[in-house]
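> below: sequence and its predicted model.
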Amino acid sequence: MGNDIDYRLVLASASPARRALLSAAGIDAEVMVSGVDESVVEAADAYELCLALARMKARAIAAELPPDPGILVLGCDSVLAFDGQIFGKPANAEEAAKRWEMMRGRSGVLHTGHHVTGLVSGRQAEAVGTTVVHFSDITDAEIAAYVASEEPLNVAGSFTIDGRGAAFVERIEGDPGNVIGLSLPLLRKLLIEMDVSITALWRA
Ligand SMILES: Nc1nc2c(ncn2[C@H]2C[C@H](O)[C@@H](COP(=O)(O)OP(=O)(O)OP(=O)(O)O)O2)c(=O)[nH]1
């Protein structure tokens, strides 16, 4: 991809957290929500699942856009691998509480799949960011209060590290942005694979 192209990023995600991470890093991404049915995807494990979903979201949006060589579409998907299970967003408050009863005092791996595709070049790059998350041994009352806050209901793994959930995460091993939903150092590497510098996406 040449350097004389005016690159723009389209974020194929409804996640306000992902958009905020990009904006704080100087990138004003246009948001286009794919609305794909994530339930149709089968995968061997959390790593493959989040990558397949990220790819599906990005490709669904790419198919809707005009063939502009400057447009790069980014799809992401986050899941928590815990105790041999795959936790996306909880189905309801009961599931969020049940998960925390299992998670407290233990650790899991948050995987975020990233897929970038160039519309005209057809080039693409993808990778999974992984971050180990160590959960605090919180009480039943804290679980009940956290679930009642409704925060854990809308996030993969039923926890955040930058919201109320931050009080319940002892430490992480890896990129914090990856837990929130998008790893910027990983995005930089994917863009390099496509001969694009992340600095080319910075707002003027
Ligand atoms: N602020 C924040 N959000 C988090 C954290 N962990 C997970 N999330 C959010 C980011 C995503 O919105 C959501 C992960 O679910 P998905 O990867 O399926 O994305 P989502 O369904 O939100 O949007 P999308 O499918 O990409 O249109 O959970 C965290 O630590 N902090």
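Received it, and whenever you're ready, just let me know what you need.

> now do Q85, the pLDDT please.
At Q85, the model reports a pLDDT of 96.

> contact partners of the top helix by length along the chain?
Ranked by residue count, the top helix of the chain under DSSP state H comes out as helix 46-62. Residues outside helix 46-62 that contact it (CB atoms under 8 Å, 6 or more residues apart in numbering): 10, 12-13, 32, 34-36, 38, 41, 43, 73-81, 86, 109, 111-117, 119, 124, 126-128, 130. For every residue, glycine as well, the C-beta is placed using N, CA and C.

> and the ligand, which of these contact it?
S13, C76, D77, S78 (CB under 6 Å from any ligand atom).

> in what helix or strand does the second one lie?
Going back to what we said before, that points to C76. strand 71-82 (DSSP states H and E).

> tell me the strands beside that strand, with direction?
Sheet pairing of strand 71-82 (DSSP bridges) gives strand 8-11 (parallel), strand 85-87 (antiparallel), strand 107-118 (antiparallel).

> and it with helix 46-62, angle?
150 degrees (axes from the mean of the first three to the mean of the last three CA atoms, to 10 degrees).

> show me which residues of this protein sit near the ligand.
13-15, 17, 33, 57, 76-78, 89, 155-156, 160-163, 179-181.

> one more time with 8 Å, if that's ok
Counting by CB under 8 Å from any ligand atom, the chain comes close to the ligand at 12-18, 20, 33-36, 38, 50, 53, 57, 75-79, 88-89, 110, 112, 154-157, 159-163, 165, 179-181.

> now R188: closest residue in space that isn't a chain neighbour?
If the residues on either side of it in the chain are set aside, R188 comes closest to I198, at 4.5 Å by CB to CB, 6 or more residues apart in numbering.

> how many other residues sit next to the residue nearest to M32 when sequence neighbours are not counted?
Leaving aside its chain neighbours, M32 sits nearest to I61 (4.8 Å; criterion: CB to CB, 6+ apart). By other CB atoms under 10 Å, 26 other residues sit near I61.

> same deal with the one 10 residues further on?
Counted with other CB under 10 Å, the neighbours of I71 add up to 21.

> from memory it sits against L11, does it?
No - contact between I71 and L11 fails when scored by CB atoms under 8 Å: they sit 11.5 Å apart.

> please name the residues that touch G26.
Taking CB under 8 Å, 6+ apart, one finds L201, W202, R203 in contact with G26.

> got the phi and psi for the residue lying closest to the last one once chain neighbours are set aside?
Distance criterion CB to CB, 6+ apart; nearest residue to R203, sequence neighbours excluded, is D28 at 5.2 Å. When read as degrees, to the nearest 10, the backbone of D28 gives phi -90, psi 90.

> picking that back up, take the residues of the chain next to the ligand and keep only those in helices.
Per DSSP H, these map to helices at P16, A17, R18, A20, C50, L53, K57, V179, I180.
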